[in-house]
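Engineer: Sequence plus the predicted model coming up.
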Amino acid sequence: MDKPITKLRISTRLKEILCDLGFTNTSELEAYDFFSLERQFPDCYYFKMIMKELIPLGYLSHPDREPSIYELPISMRIKNALAIKKIFYLSQLSGYSKKQILQFRNLGVKSMAELEAECQKRGICFLPDKK
């Protein structure tokens, strides 16, 4: 059902952001999943807000039905560390090595072990570490 963005039950700030990005109706969001929206608007800093408000309402889809980091049984420390790096799906980690991930702020060896276990459950591999 097509609705004007201004009529959605989302925060006022998100309505302003979507209007600034050029969206006026929900039907305009149908062509996007999270990654395609991010590629279209690479300089937007509000993807966490967009994801947390629009995906549960069904106006923006997960890429390939993959759950977001907020839906996974991982610690809040890991979720926050990944979000700072604009990583909202575990599949995005396949572009990083373990060494690179360990350099993320607030991600240590213990957090890395938890993250690695969750990635292994989902068949996500990291890049090999460079020597």
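Structural biologist: Alright, I've got the coordinates. Residues are numbered from 1 along each chain as shown.
Engineer: Need the phi and psi values for Asp33.
Structural biologist: Per-residue torsions, Asp33: phi -110, psi -180 (degrees, to the nearest 10).
Engineer: hey, what's it bridged with?
Structural biologist: Beta-bridge pairing for Asp33 (DSSP bridges): Ser61.
Engineer: Who are the contact partners of it?
Structural biologist: For Asp33, the contacting residues are Leu60, Ser61, His62, Pro63, Asp64, by Cβ atoms under 8 Å, 6 or more residues apart in numbering. Using the backbone N, CA and C atoms, a C-beta is placed for each residue, glycine as well.
Engineer: next one: Asp129
Structural biologist: Contacts for Asp129 (Cβ under 8 Å, 6+ apart) come out as Ser97, Lys98, Lys99.
Engineer: Would you quantify the distance from Gly58 to Ser68?
Structural biologist: Computed as Cβ to Cβ, to the nearest Å, the Gly58 to Ser68 distance reads 14 Å.
Engineer: among the contacts of Asp33, who's most crowded?
Structural biologist: Within the contacts of Asp33, Leu60 tops the neighbour count with 19 neighbours, counted by other Cβ atoms under 10 Å.
Engineer: what separates the closest residue to it other than its chain neighbours from His62, distance-wise?
Structural biologist: Nearest non-adjacent residue to Leu60, counting by Cβ to Cβ, 6 or more residues apart in numbering: Leu54, 4.0 Å away. As judged by Cβ to Cβ, Leu54 and His62 stand 11 Å apart.
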